[in-house]
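Trainee: Pasting the sequence and the predicted model now:
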Amino acid sequence: MNRFAPYVFLRDLASRWDVLAFIVVIGLIAFLGEASRGLFAPLSQLEVTPLSLDPIHLPEYAARTTFRMLAALAVSLVFTLTYATWAAKSERAGKLLVPILDILQSVPILGFISVTVVFFMSLAPGRVLGAEFAAIFAIFTSQAWNMAFSFYQSLRTIPTELIEAAESFRLSPWMRFWQLEVPFGMPALIWNMMMSMSGGWFFVVASESISVGHTTVALPGVGSYIALAIEQKNLKAIGWAIATMLIVILLYDQLLFRPLVAWVDRFRVEQEPGVRVPDSWALTMMRRSRLIKAATVAFHTAVMLTSRAVKRTDKPLVDAAPAPRRSLDLLWVSLVVAAVVLGLWHIVAVLIKNTPLREALEVCGLATFTMLRVFILIALASLIWVPIGVWVGMRPRAAQIVQPIAQFMAAFPANLLFPIAVYGIVAWKLNPDIYLSPLMILGTQWYILFNVIAGASAIPAEMRYAAANFRVTGLLWWRKVALPAILPFYVTGAITASGGSWNAAIVAELASWGDAHVRARGLGSYIAEATTAGDFHRIVLGIGTMSLFVVVINRLFWRPLYYFAERKYRLT
């Protein structure tokens, strides 16, 4: 042992966890470098090296797709921390920003692609980078809105005692943001990041295989690989795509989300005794690695240094002069009125002026068909997943097994089931209006399951013991204990599933398998056909109608139901 004494300094320099962390970090850097290769290549390069269904190319395609999704997730996180904080902190801005966010999440993903693809292509003319921007933005629109809403709700519901504690410690606004607000909102934000990542997979086909009028771009990736396999009726290639997706989802679950879930458990306000604490080998590696610990210390030091630039003031805001505040209010109202007038002018000039009454009524009728499908599918999915979610949520061990499986199923693109649906409809001459409808709910029903599991797991232990002591069982237990306790969570999941189903209608109501095309009557197929034809007027008309229907349904049905559930059945 003594002859190894001169090399003891190596053990102090880097432990085995440092070596493992170094390998993982270098591997991620190499992965990102490989995925970003060719970003600045000419757009014509995509035609020189067209997509191939050879499975040997799938690792490269998977790297490119994962890079886009992680880039979109990073942009979504920055958007969430800025936009949601601004809306929550400023009462004046929140009155406008929250409705805008509500409208943005009602706009279909394909609508964003149709309107913005030319803009992003012009940022890097003739380069692949412009198409990459368009694809990343399309994935961003499928991730950002529910993350922003989640963080906004967290900021609005911080307990008063925590706010008073921050005031007593005299934290500056910057330190309060990082020491109180971000940790408090982090558990819900991480959960919604997982759901957003899974939801992004559903639209990855549309984002990587862009086709708007005469503009057609197929970026190398799993989504465009799936689109090509569907076009060529290659079932074997679809099987390879499914296997690749499974591997990618397992990798980022182990390296990204599982460590985050285990890490944010420390920030939960209410900790129920006896519940198993989530763990992660990757988090253990990060905590025991000196290299990552040094990076963490550097981040905390940067926060402390920047917080000194934001001086705390002890003067109450009410002492401010009223004249400047009135001037700001007047300026803000003027800007809002100008934006509304400009928007109304464009609506009148682009839509109302050029839209015959017959066409407007036809589009409203198609939207009604889609609305009925969404309501029926949400009701059927609720009948299935609410009992299962309650059973799983009240059994923590079962939840740890079911949640990763459900996460993979949520990430599973419904496009891969189009061959089965189209083949069955054509072979047995089935009604597409009925048998294409389940494709709308396949990727969004999991929001109901996840939220019901979260609601059931949040039922206090004393409530369960009281129900057991009073022998409340059977249907009475469901009416008096389970359903009231999970209702706020269920409504949240149903709202998200409903909005996702409207988005999925664009993909599901117009399915194809090779040369066979099957169409269901609805607003989704109307927008999809207008996008393929490059008819900008019909695209805007369809998107505007869908957004109007979703916003009206949310305001007249889902929001009142949510406020009722929160007010009457809130546990805390």
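Mentor: Looks like it came in fine. Everything numeric in this text was worked out from a predicted model, so none of it was measured. Numbering: from 1, shown residues only.
Trainee: Tell me where the protein has strands.
Mentor: Secondary structure of the chain, counting by DSSP state E: strands at 209-212, 215-218, 510-513, 516-519.
Trainee: By mean pLDDT, show me the worst of the ones you listed.
Mentor: In terms of average pLDDT, strand 209-212 trails the rest of the strands of the chain, at a mean of 68.
Trainee: In this protein, spot the helix with the most residues.
Mentor: For the chain, the helix with the greatest residue count under DSSP state H is helix 357-393.
Trainee: Skipping adjacent residues, who's closest to residue 505 in space?
Mentor: Using C-beta to C-beta, 6 or more residues apart in numbering and skipping the chain neighbours, the partner closest in space to residue 505 is residue 524 (3.0 Å). (C-beta placed from N, C-alpha, C; glycine too.)
Trainee: Now for that neighbour: which residues touch it?
Mentor: Listed by C-beta atoms under 8 Å, 6 or more residues apart in numbering, the contact set of residue 524 reads 108, 370, 440, 502, 504, 505, 506, 507, 508, 509, 510.
Trainee: Look at the nearest residue to residue 423 once chain neighbours are set aside and say how many residues are nearby.
Mentor: In space, residue 423 comes closest to residue 513 once its chain neighbours are excluded; the distance is 6.4 Å by C-beta to C-beta, 6+ apart. By the criterion of other C-beta atoms under 10 Å, residue 513 has 18 neighbours.
Trainee: Provide a list of residues in contact with residue 513.
Mentor: For residue 513, the contacting residues are 230, 233, 418, 419, 422, 423, by C-beta under 8 Å, 6+ apart.
Trainee: buried subset of these?
Mentor: 230, 418, 419, 422 (16 or more other C-beta atoms under 10 Å).
Trainee: of all those residues, which comes closest to residue 385?
Mentor: Nearest to residue 385, judged by C-beta to C-beta, of the buried ones among the contacts of residue 513 is residue 418 at 23.2 Å.
Trainee: got CSV for the buried ones among the contacts of residue 513, with pLDDT too?
Mentor: Formatted as CSV, these follow (pLDDT from 0 to 100):
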residue, pLDDT
230, 82
418, 71
419, 72
422, 79
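Trainee: Just put the residues you listed in a markdown table and tack on distance to residue 447.
Mentor: Listed next are these as a markdown table, based on distance: C-beta to C-beta, whole Å:
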| residue | distance to residue 447 |
| --- | --- |
| 230 | 26 |
| 418 | 22 |
| 419 | 26 |
| 422 | 26 |
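Trainee: In helices, which of the residues you listed fall?
Mentor: Taking DSSP H as the definition of helices, these contribute 230, 418, 419, 422.
Trainee: Now for these: which two are most distant?
Mentor: 230 and 422 (9.2 Å).
Trainee: Overlap of the contact sets of these two?
Mentor: By C-beta under 8 Å, 6+ apart, the residues touching both residue 230 and residue 422 are 512, 513.
Trainee: what's around the closest residue to residue 528 other than its chain neighbours, how many residues?
Mentor: Among residues not flanking residue 528 along the chain, residue 510 sits closest, at 4.4 Å (C-beta to C-beta, 6+ apart). Neighbour count for residue 510, taken as other C-beta under 10 Å: 23.
Trainee: confidence score at the most centrally placed residue in the chain?
Mentor: Taking C-alpha atoms, centre = their mean, the centroid of the chain lies closest to residue 196, which sits 2.2 Å from it. According to the prediction, residue 196 has pLDDT 80.
Trainee: From residue 451, how far off is it?
Mentor: 14 Å (C-beta to C-beta, to the nearest Å).
Trainee: so what's the residue nearest to residue 452 when sequence neighbours are not counted up against?
Mentor: The shortest distance from residue 452 to any residue other than its chain neighbours is 3.0 Å, reached at residue 389 (C-beta to C-beta, 6+ apart). By C-beta under 8 Å, 6+ apart, the contact list for residue 389 reads 448, 449, 450, 451, 452, 453, 455, 456, 486.
Trainee: Which of those fall in helices?
Mentor: 448, 449, 450, 451, 452, 453, 455, 456, 486.
Trainee: Tally up the residues packed near the first one, please.
Mentor: To tie it back to what came earlier, the one meant is residue 448. Around residue 448 there are 27 residues (other C-beta under 10 Å).
Trainee: quick one, what contacts it?
Mentor: Counted by C-beta under 8 Å, 6+ apart, residue 448 has contacts 378, 381, 382, 385, 386, 389, 490, 493, 494, 497.
Trainee: mind running it again at 10 Å?
Mentor: For residue 448, the contacting residues are 378, 381-382, 384-386, 388-389, 441, 489-494, 496-498, by C-beta atoms under 10 Å, 6 or more residues apart in numbering.
Trainee: before we move on, what about the second one?
Mentor: Taking C-beta under 10 Å, 6+ apart, we find residue 449 in contact with 381-382, 384-386, 388-389, 392-393, 402-403, 406, 409-410, 493, 497.
Trainee: try it again with 8 Å
Mentor: Listed by C-beta under 8 Å, 6+ apart, the contact set of residue 449 reads 385, 388, 389, 406, 493.
Trainee: which among those residues gets closest to residue 180?
Mentor: The closest of the contacts of residue 449, once distances to residue 180 are taken by C-beta to C-beta, is residue 493, at 27.5 Å.
Trainee: Give me the buried subset of the contacts of residue 448.
Mentor: Looks like these have 378, 381-382, 385-386, 389, 441, 489-494, 496-498 buried, using 16+ other C-beta under 10 Å.
Trainee: Which of the residues you listed sits closest to residue 218?
Mentor: When these are compared against residue 218 (criterion: C-beta to C-beta), the nearest one is residue 441, at 28.1 Å.
Trainee: okay, that closest one: pLDDT?
Mentor: 85.
Trainee: which residues does it contact?
Mentor: Per C-beta under 8 Å, 6+ apart, neighbours of residue 441: 377, 378, 380, 381, 497, 501, 504.
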